[in-house]
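>>> let me see the structure of the following:
(chains A and B)
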Number of protein chains: 2
Amino acid sequence: MQKQVEQYGVFQIEVQGKTEGNPYLEYEVAGTFTHGEESRTVKGFYDGEGRYIVRFMPEVPGKYTFRIFGSCMEDITEGSFDVHPAAKDNHGPVKAVGEHLFYTDGTPYYSIGTTCYVYPQQTEQLQEETLRTLENSAINKIRFCVFPKHYDYNYRNPVSFPYEGTAVDNAGINKSNFDEYTPETEGNNWDFARFNPEYFRNLERNIEALCRLGIEADIILMHPYDRWGFSKMPAWANDLYLRYVTARFAAYRNVWWSLANEYDFCRFKTVADWEHYARLVVENDPYGHLRSIHNGYILYDFSRPWVTHCSIQRQAADISISNISNWRKQYHKPVVIDEMCYEGNIEQDWGNISAEEMLCRMWTVVMEGGYPGHGECYDLENVWWSHGGTLHGESWKRFGFLYDVWTECGHLKKDRTCWCSNDTDTVRLYYGGEHRPDCKTLHLDGNWSAEVLDTWNMTREYMGDYTGFCRIPLPGREYMALLLKRKD
Amino acid sequence: MQKQVEQYGVFQIEVQGKTEGNPYLEYEVAGTFTHGEESRTVKGFYDGEGRYIVRFMPEVPGKYTFRIFGSCMEDITEGSFDVHPAAKDNHGPVKAVGEHLFYTDGTPYYSIGTTCYVYPQQTEQLQEETLRTLENSAINKIRFCVFPKHYDYNYRNPVSFPYEGTAVDNAGINKSNFDEYTPETEGNNWDFARFNPEYFRNLERNIEALCRLGIEADIILMHPYDRWGFSKMPAWANDLYLRYVTARFAAYRNVWWSLANEYDFCRFKTVADWEHYARLVVENDPYGHLRSIHNGYILYDFSRPWVTHCSIQRQAADISISNISNWRKQYHKPVVIDEMCYEGNIEQDWGNISAEEMLCRMWTVVMEGGYPGHGECYDLENVWWSHGGTLHGESWKRFGFLYDVWTECGHLKKDRTCWCSNDTDTVRLYYGGEHRPDCKTLHLDGNWSAEVLDTWNMTREYMGDYTGFCRIPLPGREYMALLLKRKD
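I've put the predicted structure just below:
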């Protein structure tokens, strides 16, 4: 048994319990954790072979006692452990504060997201390759699904399945067979009351590995891309599933809950269902991890109290990244743009923009005071956006430069076209994107240093200090930024 | 006196008349033109030095008689002339038919616009240079103003002024002196009841020259960029002005009336004023030339009966070129996008996009079933967008290729993202813009030839004939199009 655990780390205790009948359905386990006057009770889960597990994330340092109990066993297990303060790189879970994201310890979180929808459902080798790629990038958030995915470029079966049972033979399945996200699912044979614990252990290994890399895990709980029937389980099975994953995953500090990807494409779920799922997640996550729900064509009502931040797929024109300021005003919540086309060359227009355009959109979202997400779709055996693996593009190499400028500036808000400032107005940042000004004429109050940033070539050039009415020369190229920092 | 005139040409007759008092205010001249059973009376105008002029555009070939009369003279002048059928390149005025533009003879008009706001107010040499540049381009519409312009990069006085009087000394006037479009106009001394005929003759020489080049003249009657007071004349002077320009210009077949540029930035004019001006133009233009009004931030109500087509300045996000299909549905009128940022490198973001981006927007507008407008703003002594002169950019060189593909396809309508078709569905055109697909998978009914077009490099490559379920390879680069033509 662990005797030492880090603040915001995972304390885990296993007990042996009953195996008669169906333990997933018939027995419960829970733990009460006490620190001084404070107690918290969290639910555990069945991990197969008589193993019942309770996980707990302590949020303050000090001595804890605990008590594990439940219908799964006759006895009660008690004990204690010590929580030592978080290490330097451990800032706790990310929280929404107003329209910005912060770690629990108050450190601002500058999110550079990516999406690899089903990388944990690939071979171990590919999972490891993905983690190595992430480690060598500035990416600090990743979206992925719990369930396997059936979609263009995603016709092979996952390495394992979340339930006991057998999958329909998928030989010959490809886009030309199916016009809909959710084809007929006849032939599958699942017991939705019996999870496959190894499937979830694999997900946890990835959540843990991401956590070690300082990467947030934006976990997609449901999605429509399915030929196995996981998108149209009976109501009791959806509830059982949500209780199970929240009990398993909630103690990891880097978890975010994304109720769905493209919720409005889920043919078998209504808004009433989503509200019900949200309530289950809120009730079963004792730590209040970030929660949202990602759109296809129609934004969810982000004003719902359970929604902690907007999670948006940009759709040209009507759902544009230039709306970020408006969404911030409307919802008073952080705006995460998870999907705004991916760098790549595939047929589908959501996956074939240039590296320059991808990087430009990342910068633009940051300038608008939002949080950007990347993806990559080169037409290869493994497509980053789904399978993970290796990044083949050019945009991701420039994210570190963006991240460094962003952290240097602080959280940003849009002032007017192409200009933003930080909360203390000690920084003003112009980003031209496709615009190519040869100068900027300004009326500056006070004394400011000026730097021209080439966001593509990742160079910075100090242009001098400026005050009052001034004209700062710019190179008249695309993707340039002008960073002004107040000197007095 | 002319005895022969071409159909849709200008028949002009001058008479000598009274010079006592103010002929612009006190006397009238008109002409009645009769062809068979049909008669039409049109108003003339005073051209100075006792000269009264009546202009008439005959719309059908044959023998015409005329009768010139009015309070400007005691006598009546009568005569006749013959109208011969329009020459091959003369298709008559452009008209709106449904959501498309056609010449009067039924030939579709595919508009490739540009803007040189005050090129006719520059030196003769520069005017000629502009016309030569236009002649060597595929541009077939140009927007320009009647009044001179005071704005960034436009601080020199025009070569002459539209009224008798004197302009305020403009020494030292530049952007740093004025924060508003319309600064104080004290010091100007104009007689708004006495036009300067030479100013208008110069405009006419340009309208005529453009007509010879097959270029439509989209004449901007009013605008807010002013330091001389022409944007805030008294009501009687505005009316007198509109009657004067319609009497002078309406007989030129290539004239379009743009009531205003950025009407919503005209501080001294209300919507009631614009409706009044529209009524004046309708009443005084016997030929029903195209009429519209161009926005700054707020679109005019294009459903007004006098509006023949939408004239739109794109403003990012809210007034996007991806709205063209919606505007077509809403107004059932052609949609002309006059302004959607200009190629260039100036400080202002409306004038510094790349040639690639400018060309991409031109193509996109055509694909959406609209009519695109170009402009160029390189930071030089003469900026094309205002002064005309020489084009220094790269986008305009590719307009001929766009024009040729467009005329080959016919008028287009958007089908779905990135795809459009012509009215008979014999052509389907994909244009990727910033997207870079490596193929297109299609279900084709019937047999189609496929060509890949590189819209930037202006190359066409025949890819073979396709039918049924097929996959057409594409080069995975930006700015590519795929042209399918039905073979049976």
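>>> now A:Arg314: closest residue in space that isn't a chain neighbour?
A:Met340 (3.9 Å; CB to CB, 6 or more residues apart in numbering or on different chains). All C-beta spots, glycine's among them, are computed from the backbone N, C-alpha and C.
>>> give me the distance between the one you found and B:Thr441.
Distance, A:Met340 to B:Thr441, by CB to CB, to the nearest Å: 24 Å.
>>> swap in A:Gly106?
A:Gly106 sits 50 Å away from B:Thr441, going by CB to CB.
>>> out of the two, which sits in the busier spot?
B:Thr441 (14 against 10; other CB atoms under 10 Å in any protein chain shown).
>>> that one belongs to a strand?
Yes - read with DSSP: H, G, I helix; E, B strand; the rest coil, B:Thr441 is one of the residues of a strand.
>>> what is the burial count for the residue nearest to it when sequence neighbours are not counted?
In space, and not counting its chain neighbours, B:Thr441 is closest to B:Arg471: 5.0 Å by CB to CB, 6+ apart. Applying other CB under 10 Å, we find 13 residues neighbouring B:Arg471.
>>> same check on A:His332?
A:His332: 12 neighbours (other CB under 10 Å).
>>> can you check A:Thr407 too?
Neighbourhood size, A:Thr407 [other CB under 10 Å]: 12.
>>> return the residues in contact with it.
Contact analysis of A:Thr407 by CB atoms under 8 Å, 6 or more residues apart in numbering or on different chains lists A:108, A:110.
>>> what's the pLDDT at it?
pLDDT for A:Thr407: 96.
>>> now the strand or helix carrying it: buried residues?
According to DSSP states H and E, A:Thr407 maps onto helix A:399-409. Under the neighbour-count criterion of 16 or more other CB atoms under 10 Å in any protein chain shown, helix A:399-409 has A:399, A:401-403, A:405-406, A:409 buried.
>>> restrict those residues to those near chain B?
Applying CB under 8 Å from any CB of the partner chain, the subset of these adjacent to chain B is empty.
>>> residues making contact with the helix or strand bottoming out on mean pLDDT in chain A?
Counting by mean pLDDT, DSSP states H and E, the weakest-scoring helix or strand in chain A turns out to be strand A:412-416, with a mean of 85. Outside strand A:412-416, the residues that touch it by CB under 8 Å, 6+ apart are A:99, A:324-325, A:328, A:366-369, A:406, A:420-423, A:427-429.
>>> show me which of those residues are buried.
Listed as buried from the contacts of strand A:412-416 are A:99, A:324-325, A:328, A:366-369, A:406, A:420-422, A:427-429; burial here means 16+ other CB under 10 Å.
>>> in helices, which of these fall?
Per DSSP state H, helices hold the following members of the buried ones among the contacts of strand A:412-416: A:324-325, A:328, A:366-367, A:406.
>>> how many residues are close by A:Glu198?
A:Glu198 - counted by other CB under 10 Å - has 14 other residues nearby.
>>> OK, contacts around it?
A:Glu198 neighbours (CB under 8 Å, 6+ apart): A:48, A:160.
>>> please report phi then psi for it.
Backbone torsions for A:Glu198, taken as degrees, to the nearest 10, come to phi -60, psi -30.
>>> check the gap between it and chain B for me.
The spacing between A:Glu198 and chain B, counted by CB to the nearest CB, to the nearest Å, is 37 Å.
>>> ditto for A:Gln348
7 Å.
>>> my guess is that residue contacts B:Pro437. True?
Yes - with contact defined as CB atoms under 8 Å, A:Gln348 counts as touching B:Pro437 (7.4 Å).
>>> which one of the two has more residues nearby?
For the pair A:Gln348 and B:Pro437, the greater number of neighbours falls to B:Pro437 (26 against 16), based on other CB under 10 Å.
>>> can you tell me the SS state at that one?
Here B:Pro437 is coil, with the state taken from three-state DSSP.
>>> with adjacent residues omitted, what lies nearest to it?
Using CB to CB, 6+ apart and skipping the chain neighbours, the partner closest in space to B:Pro437 is A:Glu347 (4.6 Å).
>>> ok, now which ones touch A:Val366?
By CB under 8 Å, 6+ apart, A:Val366 lies in contact with A:372, A:402, A:406, A:412.
>>> can you give me the pLDDT of it?
96.
>>> and if you look at A:Met222?
A:Met222 is assigned a predicted lDDT (pLDDT) of 98.
>>> how many other residues sit next to it?
27.
>>> ok, the one 4 residues further on next?
Around A:Asp226 there are 24 other residues, counting by other CB under 10 Å.
>>> any idea how far it is from B:Leu380?
Applying CB to CB, the value for A:Asp226 to B:Leu380 is 59 Å.
>>> how about A:Tyr151?
A:Tyr151 is 51 Å from B:Leu380, by CB to CB.
>>> thought A:Gly373 was touching the residue nearest to A:Arg314, still the case?
Yes - between A:Met340 and A:Gly373 there is a contact at 7.1 Å, judged by CB under 8 Å.
>>> settle it for me: which of these two has more neighbours?
A count of neighbours by other CB under 10 Å puts A:Gly373 above the other of A:Met340 and A:Gly373, at 29 against 26.
>>> what is that one paired to in the beta sheet?
As for beta bridges, A:Gly373 partners with A:Gly113 under DSSP bridges.
>>> and the pLDDT at it?
98.
>>> touching, it and A:Val335? I think so.
No - at 11.3 Å, A:Gly373 does not count as touching A:Val335 under the criterion of CB under 8 Å.
>>> now do the domain split for chain A, please.
Here the domain parsing of chain A from automatic domain parsing is A:4-84, A:94-409, A:417-486.
>>> show me what the closest residue to A:Ala247 other than its chain neighbours is bridged to.
Setting aside the residues directly before and after it, A:Ala247 is nearest to A:Phe45 in space (CB to CB, 6+ apart), at 4.1 Å. When bridges are called by DSSP bridges, A:Phe45 pairs up with A:Ile53.
>>> how about the helices in the stretch 151-300 of chain A?
Using DSSP state H, counting those that start in this stretch, the helices of the stretch 151-300 of chain A run over A:197-212, A:235-249, A:271-284.
>>> what about the closest residue to chain B within the stretch 351-488 of chain A, neighbour count?
Nearest residue of the stretch 351-488 of chain A to chain B: A:Gly476, at 3.9 Å (CB to the nearest CB). Close neighbours of A:Gly476, defined as other CB under 10 Å, add up to 19.
>>> where does it fall, phi/psi-wise?
phi 60, psi 30.
>>> identify the residues contacting the nearest residue to A:Gly17 once chain neighbours are set aside.
In space, and not counting its chain neighbours, A:Gly17 is closest to A:Cys72: 3.4 Å by CB to CB, 6+ apart. Applying CB under 8 Å, 6+ apart to A:Cys72 gives the contacts A:15, A:17-18, A:23, A:27-29, A:46, A:52.
>>> good, we can wrap up now.
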